[in-house]
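A predicted structure for the sequence below; I have some questions about it.
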Amino acid sequence: MLIATDVRKTFFAGTPNEVRSLRGVTLAIEPSSFVNIIGTNGSGKSTLLNAIAGVFLVDQGKIELGGVDITHQSEHQRAQRIGRVFQNPFSGTAPTMSVAENIAVASRRGKSRGLGWSLNRSLRTEIAERLSSLKMGLEDRLDSPIGNLSGGQRQAITLLMATWNKPDLLLLDEHTAALDPRSADQVIRVTDEIIAKDKLTALMVTHSMQQAVNLGDRIVMMHQGNIVSDLQGAEKARAKPDDLLSRFDAIRRREQLTPAVAELLKRSYI
Amino acid sequence: MVLLISALNFGLVFAILAIGVYISFRIFHFPDITADGSFALGAAVTTTLLVQGCNPTLATLGGFASGMLAGTTTGVLHTKFKINGLLSGILVMTALYSVNLHVLGRSNVSLSEPQTLPKSWTQMLGTLLGDSPRHDLFGWTVGTQDIAVLLFMLCLVIAIGFGLFVFLQTNLGTAMRAAGDNPQMIRALSASDERLLIFGLALANGLIALSGSLLAQYQEFADVQMGIGMVVWGLASVIIGESLVGSGSPKFGVLIAGTIIGSILFRMMIAIALRCGLNPNDLKLITAFFVFIALTAPKWLQATSTSKLASATDEKK
């Protein structure tokens, strides 16, 4: 269970470039729920994910995961219970190390790292088995440097690494945005399978309305650092990409209207 | 032959330095200039301990430990105080110059009197081979000390190289390599990239100080200036090693072996050049120039070959 309460973050505070990225976001996510976050560019959706992951500390507010206050924990401390996949396929893996070695490093997430042998035979067998369950032919490439693999293959492996030890929370930050359509579909299929199989609590930022509609059980819409809409249950099940787009249009219209209305009022009353 | 063996011995002593430089420059991609200071620190600490009658093995380990401390300082300056990597190394290196002077007491100290590791190795080998100070080896006459140092240094360097090879395959070692490759990834997998870097720099500088400690004992004196240019020296060995084991992405085990062989080859080249009348004062200049060539030549070669290829295809059209 993730509870974020009144989370605020301002970048470059006090300078002309000041950006108020998060303006009091409050969000509670039930265990085993799969939540999509959509929003315009600069709406703060990736910032929210990074705030939860601990990439930076928030200015105000509280973040709790499974009843533990993690607001002041560092990124690697939180990672003991949080799995992450990044937008950039290069971010989640160590390019010069082999596929098996990368996964071996991931298999110690949340555990101590001592002088035990990292890649023993039983782990190798398990890696090959779990890779073959992705149905991407990756089990034959255990010893290739992961840098030689395509973006889609790397994202699928990063996903496997993030969920190798079941995380309390899985954060997916537009993890298919940098892929070609076919690879993106493949990674989305794998994402859905893994989340369903392990009943993971997941938070996925996405650009694609189609993805948001097809996947998960909840859609959170963000705009200008706030949550403006939260579709759950039957409402989420009914939602179509066009509905979501029209909601965004409505928000945009309201914004455009405001200065015009102000001008009108000024003219008629002053 | 004496020239060859002594070059081999120096090469083996510097191989430990090169392995240290390999850890910071190649595994962590961290330009660690601390090496110049920690090399002399290891020599100074060991020398002072030996002069006071300390056991040579303990004194050498003391040198190693002092280097780890220096590396830790650089790591902490970089990670906790967010100082640029190059600058944190320079700060520690500069500070160490004064520290080394304090440790040594004056700018150079002789080790001809106290017991040292090479001397105890020579005594051990002497009891095995008999009392004669010279021996016949495949028709060449060589001193007991040269053979003893060669044998023990060879074992030590192989042990360190193999130890590092094994260590880099443990959970901790694999995490270290991942931290050097992609810090963001290792943070997301619940390890502190900062702590791993500090540990890596401690290990690297420990080895570099060990190299300095052994050099002081082998040449039987320590000098506060002896660390100057050691980073470049180590880097030259690493680069020669890489060119030996070939392009592409060879496994780190091969690279460690290449670094050791590179260090020996580089020392041999220097010994031959000196023998041919090279002015010793020009040594650092030539070393720096060599590293410059080794760093830039591959790019030039690649550029000329691709432009040739391009013009060739143009002509075909």
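That came through, no problem. Numbers count the residues shown, from 1 in each chain, chains lettered A, B, ... in the order given.

can we go C-alpha only for contacts and neighbour counts from here?
OK.

low-confidence ranges in chain B?
B:1, B:131-133, B:137-139, B:246-250, B:306-317 (pLDDT under 70).

chain A contacts on that one?
Within reach of chain A by C-alpha under 8 Å from any C-alpha of the partner chain, chain B has these residues: B:167, B:169-175, B:178, B:181-182, B:184-185, B:187-192, B:249.

now the helices for the stretch 1-150 of chain A?
Secondary structure of the stretch 1-150 of chain A by DSSP state H, counting those that start in this stretch: the helices cover A:45-53, A:75-78, A:99-106, A:121-132.

from the residues of chain B next to chain A, keep the buried residues only.
Buried members of the residues of chain B next to chain A, counted by 16 or more other C-alpha atoms under 10 Å in any protein chain shown: B:167, B:169-175, B:178, B:181-182, B:184-185, B:187-192.

mark which of the residues you listed are part of helices, please.
B:167, B:171-175, B:178, B:181, B:184-185, B:187-188 (DSSP state H).

in contact with residue B:169, which residues?
Taking C-alpha atoms under 8 Å, 6 or more residues apart in numbering or on different chains, we find residue B:169 in contact with A:117-119.

most neighbours, which of those residues?
When neighbours are counted by other C-alpha atoms under 10 Å in any protein chain shown, residue A:118 leads these with 26 neighbours.

check it and give its pLDDT.
Predicted confidence (pLDDT) for residue A:118: 90.

just the one 10 residues further on next, same as before
Among the per-residue scores, residue A:128 shows a pLDDT of 95.

the residue nearest to it when sequence neighbours are not counted: how many residues sit nearby?
With C-alpha to C-alpha, 6 or more residues apart in numbering or on different chains as the criterion, residue A:128 has its nearest non-adjacent residue at 4.9 Å, and that residue is residue A:139. Neighbours of residue A:139 under the rule other C-alpha under 10 Å: 19.

residue ranges in the stretch 1-150 of chain A under the pLDDT threshold?
Judged by pLDDT under 70, no stretch of the stretch 1-150 of chain A qualifies at all.

which positions in the stretch 101-250 of chain A make contact with chain B?
A:101-102, A:105-106, A:108-110, A:113-119, A:162.

buried subset of those as a PyMOL selection?
Provided next is the PyMOL selection string for whichever of those are buried by 16+ other C-alpha under 10 Å:
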select buried, chain A and resi 101+102+105+106+108+109+110+113+117+118+119+162
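
what's the most distant pair in the residues of the stretch 101-250 of chain A next to chain B?
Maximum pairwise distance in these, criterion C-alpha to C-alpha, is 22.5 Å, between A:115 and A:162.

burial check on residue B:208, number of neighbours?
When neighbours are counted by other C-alpha under 10 Å, residue B:208 registers 40.

which element is the residue lying closest to it once chain neighbours are set aside on?
In this structure, residue B:208 finds its nearest non-sequential neighbour in residue B:17, 4.4 Å apart by C-alpha to C-alpha, 6+ apart. Secondary structure from DSSP states H and E places residue B:17 in helix B:2-21.

now the next helix-or-strand element following that helix - C-alpha only, PDB.
As assigned by DSSP H and E, the chain's next helix or strand after helix B:2-21 is helix B:35-51. Output in PDB follows, covering the C-alpha atoms of helix B:35-51 (Å, rounded to 0.1, in the frame of the first residue of the first chain):
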ATOM      1  CA  ALA B  35      47.600   7.600  -7.000                       C
ATOM      2  CA  ASP B  36      50.600  10.000  -7.100                       C
ATOM      3  CA  GLY B  37      50.200  10.700  -3.400                       C
ATOM      4  CA  SER B  38      49.200   7.300  -2.200                       C
ATOM      5  CA  PHE B  39      52.100   5.600  -4.000                       C
ATOM      6  CA  ALA B  40      54.600   7.700  -2.000                       C
ATOM      7  CA  LEU B  41      52.400   7.300   1.100                       C
ATOM      8  CA  GLY B  42      52.700   3.500   1.000                       C
ATOM      9  CA  ALA B  43      56.500   3.800   0.600                       C
ATOM     10  CA  ALA B  44      56.800   6.400   3.400                       C
ATOM     11  CA  VAL B  45      54.600   4.400   5.900                       C
ATOM     12  CA  THR B  46      56.400   1.100   5.200                       C
ATOM     13  CA  THR B  47      59.800   2.800   5.300                       C
ATOM     14  CA  THR B  48      59.200   4.500   8.700                       C
ATOM     15  CA  LEU B  49      57.800   1.300  10.200                       C
ATOM     16  CA  LEU B  50      60.800  -0.700   8.900                       C
ATOM     17  CA  VAL B  51      63.300   1.900  10.200                       C
END
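
now helix B:35-51: how far from the chain's centre is it?
Mean-position distance between helix B:35-51 and its chain equals 14 Å (C-alpha atoms, centre = their mean, to the nearest Å).

which residues touch the helix or strand following that helix?
Scanning forward in sequence from helix B:35-51 by DSSP H and E, the next helix or strand is helix B:56-79. Residues outside helix B:56-79 that contact it (C-alpha under 8 Å, 6+ apart): B:34, B:38-39, B:41-47, B:49-50, B:83-85, B:88-89, B:92, B:115-117, B:194, B:197-199, B:201-210, B:213-214.

cool, stretch A:24-40 as well?
The contact list for stretch A:24-40 (C-alpha under 8 Å, 6+ apart) reads A:1-8, A:45, A:61, A:195, A:199-209, A:212, A:215-223, A:225-227.

measure stretch A:28-46 end to end?
17 Å (C-alpha to C-alpha, to the nearest Å).

flag every buried residue along that stretch.
Buried-residue list, stretch A:28-46, by 16+ other C-alpha under 10 Å: A:29, A:32-39, A:43-46.

how about the helices in the stretch 151-270 of chain A?
Counting by DSSP H, counting those that start in this stretch, the helices of the stretch 151-270 of chain A are A:151-162, A:181-198, A:209-214, A:233-238, A:241-269.

among the ones you listed, which is nearest residue B:237?
helix A:151-162 (34.2 Å).

helices or strands up against the closest one?
For helix A:151-162, the contact count by 3 or more C-alpha pairs under 8 Å, 6 or more residues apart in numbering or on different chains; DSSP states H and E identifies strand A:82-85, helix A:99-106, helix A:181-198 as packing neighbours.

winner for burial among the ones you listed?
strand A:82-85 (a mean of 28; mean count of other C-alpha atoms under 10 Å in any protein chain shown).

wouldn't residue A:226 be in contact with residue A:23 here?
Yes: Residue A:226 is within contact range of residue A:23, at 5.8 Å (criterion: C-alpha atoms under 8 Å).

these two: who's more crowded?
For residue A:226 versus residue A:23, neighbours defined as other C-alpha under 10 Å are more numerous around residue A:226 (22 against 17).

and the more buried one, how far from chain B?
Using C-alpha to the nearest C-alpha, to the nearest Å, residue A:226 is found at 26 Å from chain B.

which residues touch that residue?
A:22-25, A:43-44.

now those residues in TSV, with distance to residue B:298?
What follows is the contacts of residue A:226, written out as TSV (distance: C-alpha to C-alpha, whole Å):
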residue	distance to residue B:298
A:22	48
A:23	52
A:24	54
A:25	53
A:43	46
A:44	45
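
can you pick out the most distant pair from the residues you listed?
Going by C-alpha to C-alpha, the pair spanning the contacts of residue A:226 furthest: A:24 and A:43, at 12.7 Å.

quick check: neighbours shared by those two?
A:225-226.

sorry, back to before: pick the most buried one from the helices of the stretch 151-270 of chain A.
Each of the helices of the stretch 151-270 of chain A was assessed for mean neighbour count using mean count of other C-alpha under 10 Å. The highest is helix A:151-162, with a mean of 25.

now do that one: distance to the chain's middle.
Worked out by C-alpha atoms, centre = their mean, helix A:151-162 lies 14 Å from the chain centre.

now do stretch B:265-275
For stretch B:265-275, the distance to the chain centre is 17 Å (C-alpha atoms, centre = their mean).
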